[in-house]
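Novice: The following comprises the amino acid sequence and a computationally predicted model.
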Amino acid sequence: MQRRIQSPNPMYSSSPLCISNPFALLQKMSDIPSELFRKILLRVPAESLLRFSTVCKAWRAIIGDASFIRSHATNQSSSSTTLAIANSTGTRLFSLSFDSLDYNNDAHQVIDVMPLKTLYRTCVPRLPALPVASCNGLMLLSHYDVDKNWAIFNPVMQDFHEVSEFDHDSRLIGTGLGYCSASHDYKVVRIDEILRRGKIVYRTCVYSLRSGFWKVINDCPSDFPWLSPGVYLNGALYWRSWDFIIALDLETETYDKLPLPPDLGKPFETRVDALGGCLVLSCYYMMNRIDGWVMKDCEWVKLFSFGEGYGSGTRWNLRPVAYLKSKGHVFLLHDSGFFMFDIEKNSARKVTIDGLPEFFSCQFFPGSILPLDESYAVEVKNSAGTKRKRKTANTRYKHAVTITDVWSRSDPLWSSEDDV
């Protein structure tokens, strides 16, 4: 039997110490050493930091410091449990945090979902289906069919940076967005199939956010089974190729090849993701099974195996979207629903989030407070040609989440019945 509860969320508590009341918190924290206070702020989500920056000049100075922004992005990328969700038209985006879930309770829960944000901007491509190339809270908005018009987007700050046009008389096969810590620079990567001296090669071009220019680097050693957004992790971009994984070091701008796990058998599809600060490889098999592997100390370790014996279904629609290492859970998306897989217990529960769009896409996505300032930002104008002020929604949406009992192996992998 299910019961309705309000999931605990200290961000919106009525306690005097709640972070939604920063002025009261300021009085309580005045005696905390500045270095400790900085470490506390590094753990605060980006949306909350924006509110904190208005409390006083001292807080604003800390939060706006370039080194703090870099440290916050790194910390959030490895510890955040935020899932970004976009509607089917790519014009709305909102996020939910898995921290709001009670992992020991199967009752009906209500979690807070961050405000919906309008994504449409003049001269900026709409958000394609997730996942897209992303890094440290920034998204690369690009389309293979309209690839002259690319932009880097920060959903939290609602800032865009338009990437300069590129001669695209070629076939685009790969994209990527990553960060080089040595130069403190964000880089956009595109890989094109071109004909050079009668031979097909895979030209790689890199765009620097700091300089605003493209340059050509060494060719990619292989193509990909399909147009692929690169996965960013720890200073490198990764793409799944045919029999190996391609890695591009963003500091040296050189390629390397990573072997696949041994004894994989014959999966009909594989994909690579960066989840929970780890490189995760998913292998799909014809016998209703998906295996997940994680890279640890330069070796592949089996993380989970899910689906075999759970009935028939569309296996290739299963996709890991979050790996919560501290809780030992993997979240998997299947069509318009989710599974919460307990790695230790080797069991899964179905999670239903009421109120989502009928069709949506999602990806793991930590927030960022990196400003794309006036030298980066795209000029936003209305039809009259005057600048339009961007409005931030202040309405909070609550979506109901249902976690059912342990999934029965006799049940189908997915049911059309509503779980409410």
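Specialist: Looks like it came in fine.
Novice: was I right about Thr270 contacting Leu281?
Specialist: Yes: shown here, Thr270 and Leu281 form a contact pair, counting by CB atoms under 8 Å, at 6.4 Å. For every residue, glycine as well, the C-beta is placed using N, CA and C.
Novice: Quickly list what's touching both of the two.
Specialist: Here Thr270 and Leu281 have Arg240, Leu260 as joint contacts, going by CB atoms under 8 Å, 6 or more residues apart in numbering.
Novice: Who has more neighbours out of these two?
Specialist: Leu281 (24 against 19; other CB atoms under 10 Å).
Novice: Lowest-scoring secondary structure element of the protein by mean pLDDT?
Specialist: In the chain, the helix or strand scored least confidently by mean pLDDT, DSSP states H and E is strand 4-6, which has a mean of 36.
Novice: Can you tell me the centre-most residue of the chain?
Specialist: Geometric centre of the chain, nearest residue: Phe365, 2.6 Å, by CA atoms, centre = their mean.
Novice: and the nearest residue to that residue once chain neighbours are set aside, what is it in contact with?
Specialist: Nearest-residue entry for Phe365: Ala84, 3.6 Å, with adjacent residues in sequence omitted and distances by CB to CB, 6 or more residues apart in numbering. Shown in contact with Ala84 (CB under 8 Å, 6+ apart): Leu93, Phe94, Ser95, Leu130, Pro155, Cys362, Gln363, Phe364, Phe365.
Novice: Export those residues as a markdown table, with columns for distance to Pro33, pLDDT and secondary structure.
Specialist: Below are these laid out as a markdown table (distance: CB to CB, whole Å; pLDDT from 0 to 100; DSSP: H, G, I helix; E, B strand; the rest coil):
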| residue | distance to Pro33 | pLDDT | secondary structure |
| --- | --- | --- | --- |
| Leu93 | 37 | 77 | strand |
| Phe94 | 36 | 75 | strand |
| Ser95 | 32 | 75 | strand |
| Leu130 | 40 | 86 | coil |
| Pro155 | 33 | 85 | coil |
| Cys362 | 39 | 85 | strand |
| Gln363 | 37 | 87 | strand |
| Phe364 | 33 | 85 | strand |
| Phe365 | 32 | 85 | coil |
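Novice: which of the residues you listed tops the neighbour count?
Specialist: In the contacts of Ala84, the most neighbours by other CB under 10 Å go to Phe365, 27 neighbours.
Novice: so that one touches Ser134, yeah?
Specialist: Yes: assessed by CB under 8 Å, Phe365 is found in contact with Ser134 at 6.2 Å.
Novice: Please point out which parts of stretch 230-244 sit buried.
Specialist: Gly230, Val231, Tyr232, Leu233, Ala236, Leu237, Tyr238, Trp239, Arg240, Ser241 (16 or more other CB atoms under 10 Å).
Novice: So which of those residues are in helices?
Specialist: Assignment to helices by DSSP state H places none of the buried residues of stretch 230-244 there.
Novice: With distance to Thr352 and pLDDT added, can I get those in TSV?
Specialist: Shown next, in TSV, are those (distance: CB to CB, whole Å; pLDDT from 0 to 100):
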residue	distance to Thr352	pLDDT
Gly230	32	92
Val231	28	94
Tyr232	31	95
Leu233	30	93
Ala236	36	96
Leu237	34	97
Tyr238	32	96
Trp239	33	94
Arg240	30	90
Ser241	36	87
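Novice: related to what we said a few turns ago, closest one to Lys327 out of the contacts of Ala84, please.
Specialist: Phe364 (14.3 Å; CB to CB).
Novice: And that closest one, how close does it get to Pro45?
Specialist: 14 Å (CB to CB, to the nearest Å).
Novice: Tell me the one among the contacts of Ala84 nearest to Val294.
Specialist: Closest to Val294, out of all of the contacts of Ala84 and judged by CB to CB, is Phe364, at 14.1 Å.
Novice: In this structure that closest one contacts Val330, no?
Specialist: No: using CB under 8 Å, Phe364 is not in contact with Val330, being 11.2 Å away.
Novice: hey, what's in contact with both of these two?
Specialist: With CB under 8 Å, 6+ apart as the test, Phe364 and Val330 both reach Leu275, Ala322.
Novice: Give the buried residues for stretch 156-172.
Specialist: Val156, Met157, Gln158, Asp159, Phe160, His161, Glu162, Val163, Phe166, Ser170, Leu172.
Novice: For the last one, what are phi and psi?
Specialist: Backbone torsions of Leu172, given as degrees, to the nearest 10, read phi -70, psi 130.
Novice: Shouldn't Arg60 be within a helix?
Specialist: Yes: under DSSP: H, G, I helix; E, B strand; the rest coil, Arg60 sits within a helix.
Novice: Just list the residues touching the residue lying closest to it once chain neighbours are set aside, thanks.
Specialist: Leaving aside its chain neighbours, Arg60 sits nearest to Ser53 (4.6 Å; criterion: CB to CB, 6+ apart). By CB under 8 Å, 6+ apart, Ser53 lies in contact with Trp59, Arg60, Ile63, Gly64.
Novice: what do you get if the cut-off is 10 Å, keeping everything else the same?
Specialist: Ser53 is in contact with Pro22, Trp59, Arg60, Ala61, Ile62, Ile63, Gly64, Ile369, counting by CB atoms under 10 Å, 6 or more residues apart in numbering.
Novice: Give me the pLDDT for it.
Specialist: In this model, Ser53 is scored at 87, pLDDT.
Novice: Make JSON lines out of the buried residues of stretch 156-172 and add pLDDT.
Specialist: Shown next, in JSON lines, are those (pLDDT from 0 to 100):
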{"residue": "Val156", "pLDDT": "84"}
{"residue": "Met157", "pLDDT": "85"}
{"residue": "Gln158", "pLDDT": "81"}
{"residue": "Asp159", "pLDDT": "83"}
{"residue": "Phe160", "pLDDT": "83"}
{"residue": "His161", "pLDDT": "88"}
{"residue": "Glu162", "pLDDT": "86"}
{"residue": "Val163", "pLDDT": "87"}
{"residue": "Phe166", "pLDDT": "73"}
{"residue": "Ser170", "pLDDT": "79"}
{"residue": "Leu172", "pLDDT": "87"}
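Novice: No further queries at this time; thank you.
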